[in-house]
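>>> how would this look folded up:
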Amino acid sequence: HLAASLPLPPERDHLRPGIDLIVFIIDIKSKHSLKNVEASLAHVDVQFFLGKVCFLVTGVGRVNYCSIDMNAIWKLGEDYCSPVLLCELELEGVRTATARRLLRMLQICAGHVPGVSAFFFGMLMRNTIDD
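Residues are numbered from 1 along each chain as shown. Have a look, this model is predicted:
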């Protein structure tokens, strides 16, 4: 399911399945995109930040068109203890690899990978990024 921002409309709560992973998409070319994500973060239960949230930054291959300082995005990942994934959606290979990575993250967060919890995976992702 996709949403442009949070909170989700309450009138469909009874139809909404459980949420296993939240991916915040930030377009590096749009300051509005970052502001929308920052505003939406206030509506996420703190328990989701234990491995069930990530930030996907798109447009990273177009450094000349950046409107957002990458340090602000890295700080967001650090502040919310959530991994930051970089992607260039215009490149098919990168787009496919990112989709596979997100699918694997979703499988882990949904509990479909025995022996790996969302919290453990989130910590593993953070340790890899920090190194």
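
>>> Just checking, which helix or strand of this structure averages the lowest pLDDT?
None of the helices or strands of the chain scores lower by mean pLDDT, DSSP states H and E than helix 118-130, at a mean of 63.

>>> mind listing the strands for the protein?
22-27, 53-58, 84-87 (DSSP state E).

>>> any idea how far Leu15 is from the closest residue to Leu50 other than its chain neighbours?
Leaving aside its chain neighbours, Leu50 sits nearest to Phe119 (4.7 Å; criterion: CB to CB, 6 or more residues apart in numbering). (Glycine included, C-beta is placed from N, CA and C.) Per CB to CB, to the nearest Å, Phe119 is found 28 Å from Leu15.

>>> Over to Leu8?
11 Å.

>>> With neighbour numbers in mind, choose between those two.
Leu8 (14 against 6; other CB atoms under 10 Å).

>>> Quick check: the closest residue to that one other than its chain neighbours vs Gln47, distance?
Closest residue to Leu8 apart from its sequence neighbours, by CB to CB, 6+ apart: Arg16 at 7.0 Å. Distance of Arg16 to Gln47, computed by CB to CB: 17 Å.

>>> burial of the nearest residue to Ile22 once chain neighbours are set aside, as a residue count?
Nearest-residue entry for Ile22: Val53, 4.8 Å, with adjacent residues in sequence omitted and distances by CB to CB, 6+ apart. By other CB under 10 Å, 21 other residues sit near Val53.

>>> one step back: these two touch, right, the residue nearest to Leu50 and Val53?
No. With contacts counted by CB atoms under 8 Å, Phe119 stays clear of Val53, the gap being 11.6 Å.

>>> since we're on the residue nearest to Leu8, how many residues are nearby?
With other CB under 10 Å as criterion, Arg16 counts 11.

>>> Quick check: it vs Ile108, distance?
21 Å.

>>> Then Trp74?
In this view, Trp74 and Ile108 are 23 Å apart by CB to CB.
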